[in-house]
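*Asks:* Below: sequence and its predicted model.
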Amino acid sequence: MAAATADVVIVGGGLVGASLAIALGGSGLQVRVVDPVTATAPEQPSYDDRSTALSPTSRRILEALELWPAISGEAAPIRTIHVSDRGGFGVTRMQAEQEGLDALGHVVPNRVLGRVLRERLAAQPDAVQSVTARVESAEPGPDAVHLTLDDGTDLAARVVVAADGTRSALRERLGIDLRETDYDQVGVVANVTPARSPDGRAFERFTPEGPLALLPLAGGHCSLVWTVSPQRAEALAALGDADFLAALQEAFGYRLGRFLRVGRRVAYPLGLSRSARRVAGRSVLIGNAARTLHPVAGQGFNLALRDVAELAERLHGAGRRGEDPGAPALLQGYADARESDHRRVTAMTDGLVRLFSNRLPGLRLARNLGLVGMELLPGARDGLVRQAMGRGSRLPRLARGLSLESQHG
Ligand SMILES: Cc1cc2nc3c(=O)[nH]c(=O)nc-3n(C[C@H](O)[C@H](O)[C@H](O)COP(=O)(O)OP(=O)(O)OC[C@H]3O[C@@H](n4cnc5c(N)ncnc54)[C@H](O)[C@@H]3O)c2cc1C
């Protein structure tokens with residue numbers, strides 16, 4: 001039986017794969033999103049109990065894709081980011097007002113993002129279709145990549161986008177190496193309710209074990225990402241809710257009053273993993289499959305959405321001009337355009353983890369001086385703010401809030 005063909009096959013319909021598929025609606029390209037886990041399934045890894053801090057650039061991309069109106073009702077604005085070192089004297093604040101913005105970012109529960117993406121995927125034109133299956137094998141050829149799915153079907157794709165997460169099976173099949181740095185840290189994630197509403201304030205507190213982030217959520221709740229050693233994560237998991245809240249109180253202090261409640265707790269091993277290449281022939285790696293970052297600076301999805309904006313723009317252009325969307329030069333052009341943003345965000349995130357997880361007394365002094373310096377020297381702080389907000393590099397059309405349709409009009 002002849003294989004079905006598609007212009008673009010996106011392997012993985014998580015946050016990143018689904019966003020790309022939506023951005024490609026209207027490009028005239030035949031797009032297939034292949035994922036064994038439907039977006040509603042409880043085990044869907046992208047749409048779990050986490051929340052995501054979206055940068056203003058990500059918001060603009062979601063606006064340009066007309067997704068933001070469905071998200072904004074459940075998005076909590078971040079108006080201040082308060083950065084401190086436990087037991088140290090350095091504190092720095094980043095304020096939306098100082099940046100001339102209404103918000104430095106917005107925090108959205110992943111389940112909300114999942115619901116909105118799923119609904120929009122279901123409403124895509126016929127050219128964009130979802131396939132519930134797992135990709136079992138990939139065979140790159142000169143004109144197409146040949147995929148075999150676990151339901152027995154074959155698919156030939158002019159370009160394959162691997163958006164299948166950190167443990168990307170597609171990356172392995174393509175023979176692309178993964179470089180991994182294990183920080184020996186675990187992120188304990190939960191929603192917590194403090195006595196005082198966070199009211200637009202996000203907190204990043206660096207403790208000897210690792211950074212602790214509390215992000216504001218709608219309804220006076222907070223999303224906690226507490227980075228600890230694997231041993232400490234196990235000990236925390238064994239605690240009842242009251243004891244867990246007491247431990248959190250000790251680590252965070254009383255800036256939000258007493259912690260009253262905690263929801264389901266989930267632990268994620270944290271590291272940095274980078275694929276040796278992000279493009280190989282007619283294949284592109286994107287999202288966690290290309291690069292998985294420590295969540296300390298909330299950059300993983302924001303970086304990936306900027307990739308989505310750049311890649312979608314180039315694929316749209318090829319689709320409209322009737323050109324080959326998998327032409328290796330087009331894909332390499334995409335990877336080159338995104339290289340400096342990747343380097344900067346990775347270096348900033350890795351640097352923050354290393355600087356703030358280290359117990360050496362000299363470093364502790366240095367980072368406190370660093371935080372004080374950032375407060376006194378707005379230039380240094382503004383660099384961090386710009387990076388955190390996704391304004392560090394040249395922006396593709398979607399990231400400037402422009403639709404991809406209008407570029408051809
Ligand atoms: C604790 C924590 C907090 C975070 N906070 C933030 C934040 O505040 N801001 C931010 O920008 N980022 C944040 N991130 C990062 C963000 O969550 C990731 O960037 C994002 O989840 C990556 O999504 P993805 O679609 O690339 O991968 P995934 O979410 O892993 O999705 C992969 C998809 O591929 C599918 N799949 C797997 N194998 C196959 C196969 N063989 N065939 C077909 N499909 C397959 C899976 O079913 C899944 O749907 C955080 C991460 C963590 C761990």
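*Replies:* That came through, no problem.
*Asks:* What helices and strands are in contact with the lengthiest strand in the chain?
*Replies:* Longest strand in the chain by number of residues, with DSSP state E as the criterion: strand 178-194. Contacts defined by 3 or more CB pairs under 8 Å, 6 or more residues apart in numbering; DSSP states H and E place strand 178-194 against strand 210-216, strand 222-228, helix 230-238, strand 259-262, strand 266-275, helix 328-357. For glycine as for every other residue, the C-beta is placed from the backbone atoms N, C-alpha and C.
*Asks:* Which element is encountered next along the chain beyond it?
*Replies:* strand 201-207 (DSSP states H and E).
*Asks:* Flag every residue of this protein that's near the ligand.
*Replies:* 11-17, 34-37, 44-46, 50, 52-53, 134-135, 163-165, 169, 187, 189, 225, 268, 287-288, 295, 298-302, 304 (CB under 6 Å from any ligand atom).
*Asks:* Now, those residues that are in strands?
*Replies:* 11, 34, 52, 53, 135, 187, 189, 225, 268.
*Asks:* and the fourth one, what does it touch?
*Replies:* Under the criterion of CB atoms under 8 Å, 6 or more residues apart in numbering, the neighbours of residue 53 are 78, 105, 106, 107, 202, 215, 298, 302.
*Asks:* Kindly report the same for the second one.
*Replies:* Shown in contact with residue 34 (CB under 8 Å, 6+ apart): 9-13, 130-131, 133-135, 147, 149, 155.
*Asks:* just those residues now: which is nearest the ligand?
*Replies:* Of all the contacts of residue 34, the ligand sits closest to residue 12, with 2.8 Å by CB to the nearest ligand atom.
*Asks:* Is it correct that the closest one is in contact with residue 167?
*Replies:* No. Look at residue 12 against residue 167 with CB atoms under 8 Å: they stay out of range, at 10.9 Å.
*Asks:* So those two - more neighbours on which side?
*Replies:* Between residue 12 and residue 167, counted using other CB atoms under 10 Å, the more crowded position is residue 12 (29 against 13).
*Asks:* Which pLDDT value goes with that one?
*Replies:* pLDDT recorded at residue 12 is 96.
*Asks:* Any of the residues of the chain next to the ligand buried? List them.
*Replies:* Buried members of these, scored by 16 or more other CB atoms under 10 Å, are 11-17, 34-37, 44, 46, 50, 52-53, 135, 163-165, 169, 187, 189, 225, 268, 287-288, 295, 298-302, 304.
*Asks:* What distance do you get for residue 396 to residue 322?
*Replies:* Separation of residue 396 from residue 322 (CB to CB, to the nearest Å): 22 Å.
*Asks:* Same check on residue 108?
*Replies:* 37 Å.
*Asks:* And those two? Which one has more around it.
*Replies:* residue 108 (26 against 7).
*Asks:* OK, contacts around the closest residue to that one other than its chain neighbours?
*Replies:* Excluding the flanking residues, the one nearest residue 108 by CB to CB, 6 or more residues apart in numbering is residue 75, at 4.7 Å. Contact analysis of residue 75 by CB under 8 Å, 6+ apart lists 54, 106, 107, 108, 112, 218.
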